[in-house]
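Trainee: heads up, no residue letters with this:
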């Protein structure tokens, strides 16, 4: 059997017939599945006509991994055998780069390009490509949205094969592949083939990044807010530097800040699977390389009967038998100030309740924070208590400014909510997705770092039983959750 093409002018007699990339055509039955993806990063997600860059990645279910691939990007079939124009497509040198025992070829074809690459089968076999782990070329986190939790995305652990650029037309992708089975290259069954992008335009079904997602993580959180604030009232900016309202004016202003707040803690539909599933973590939730210098605490401070009359705060560790409304206050404390920092800049978090009624409660900023915080609101969806943002103003660089000293002389209460407990059923309230940012000496907000979560238990007797309040700190827990009632 020979390789057939739809472009007769591109028919070439290739020296590649003997190598693995053409062995696909000559080999036996398919043994495993190969998935391929073409990830598109738009130069301006709000303007798809601006084009951008692409990455080509593969996954394999065969233990031996992918032995070779042929990919047609954005055009008709051609025959690979030339590499022109030079460097128009860049191979991942960790995998197949046309040196040693590997092959990498590409050529422009009508309306696109063709890539063929693989193991030459002439020396030591390079196995495991596309199987994850420590294998060559593996990208452990989703190449398009790397801030997703590892293992949470079906495109985690894909092998990067090549990269290139595209123009105003959205590329397409067609693939064939071989895999190593028992040391031999055999044809693979093609599974999922996806062209995925980070466009913020509702043109590709589930693929749509939210306006305001400056760091392109898939979820809008502190880091996006920080990018806008750090470039506020400046011009000549792009998406990655704060012009995220979809207008592409180059000016970062109130419109960009407001779109971040309007979409705060919301997640775009994940184009990895074409579904409407939400990402499970907010942006930039990787743990800091140093201890997080801030804490967010939650504490029950008062109780009321159902007619809003204050009552003595009971021992809610144990069943109290009477439905009451409880006030829960949230406070931040600065434990340390690192070199180059002035102190606290902002915190973003969600409140998750179980068997508590918070349907009639709104986030209420504290009186003491009114003069300190520029932004203090539930910026998420109405009444869901997800996406609470408390932030000082940008541009503060005076170490004597009290706004830069929040939490440095004891905890600063930033706000509160009310929850109703029936007094019998075990219940809980937790903070989740906690993200802190520090303020630097030049008034810039530094990248977000993950903080610890706090949990308050109702109706569960802790050890020792004399404790009135059990606050469980779950270090490194960065998983956001839906409120339950």
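Mentor: Happy to help now that I have it. Quick caveat: nothing in here was measured; it's all calculated off a predicted structure.
Trainee: please make it C-alpha for all contacts and neighbour counts, starting now.
Mentor: Will do.
Trainee: mind listing the helices for the chain?
Mentor: Using DSSP state H, the helices of the chain run over 20-26, 222-230, 254-262.
Trainee: so how far is the second one from its chain's centroid?
Mentor: Average the C-alpha atoms of helix 222-230, do the same for its chain, and the two points are 15 Å apart (C-alpha atoms, centre = their mean, to the nearest Å).
Trainee: again with the last one
Mentor: In terms of C-alpha atoms, centre = their mean, the centre of helix 254-262 is found 20 Å from the chain centre.
Trainee: list the buried residues for that helix?
Mentor: Buried residues in helix 254-262, counted by 16 or more other C-alpha atoms under 10 Å: 255-262.
Trainee: what is the nearest of those to residue 315?
Mentor: Nearest to residue 315, judged by C-alpha to C-alpha, of those is residue 261 at 37.9 Å.
Trainee: hang on, that closest one packs against residue 376?
Mentor: No. In this structure residue 261 lies outside contact range of residue 376 using C-alpha atoms under 8 Å: 10.7 Å.
Trainee: mind listing the shared neighbours of the two?
Mentor: Between them, residue 261 and residue 376 share no contacting residue under C-alpha atoms under 8 Å, 6 or more residues apart in numbering.
Trainee: from residue 256, how far out is the nearest residue to residue 306 once chain neighbours are set aside?
Mentor: Nearest residue to residue 306, sequence neighbours excluded (C-alpha to C-alpha, 6 or more residues apart in numbering): residue 324, at 6.1 Å. In this view, residue 324 and residue 256 are 42 Å apart by C-alpha to C-alpha, to the nearest Å.
Trainee: now the closest residue to residue 394 other than its chain neighbours: how far from residue 345?
Mentor: Closest residue to residue 394 apart from its sequence neighbours, by C-alpha to C-alpha, 6+ apart: residue 229 at 5.9 Å. The gap separating residue 229 from residue 345 is 11 Å, by C-alpha to C-alpha.
Trainee: repeat that for residue 61.
Mentor: 46 Å.
Trainee: neighbour count winner among those two?
Mentor: Neighbours were counted for residue 61 and for residue 345 using other C-alpha atoms under 10 Å; residue 345 has more, 29 against 18.
Trainee: now for residue 435, how many residues are close by?
Mentor: Burial of residue 435 is recorded as 31 neighbouring residues (other C-alpha under 10 Å).
Trainee: which stretches of the stretch 201-350 of the chain have low pLDDT?
Mentor: 201-208, 269-292 (pLDDT under 70).
Trainee: so which of the buried residues of helix 254-262 comes closest to residue 296?
Mentor: residue 261 (20.7 Å).
Trainee: what's near enough to touch residue 413?
Mentor: 329-332, 366, 368-369 are the contacts of residue 413 under C-alpha under 8 Å, 6+ apart.
Trainee: buried subset of the residues you listed?
Mentor: Counted by 16+ other C-alpha under 10 Å, the contacts of residue 413 give 329-332, 366, 369 as buried.
Trainee: got a markdown table for those, with distance to residue 187 too?
Mentor: As requested, the buried ones among the contacts of residue 413 are exported to a markdown table (distance: C-alpha to C-alpha, whole Å):
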| residue | distance to residue 187 |
| --- | --- |
| 329 | 61 |
| 330 | 59 |
| 331 | 60 |
| 332 | 58 |
| 366 | 65 |
| 369 | 64 |
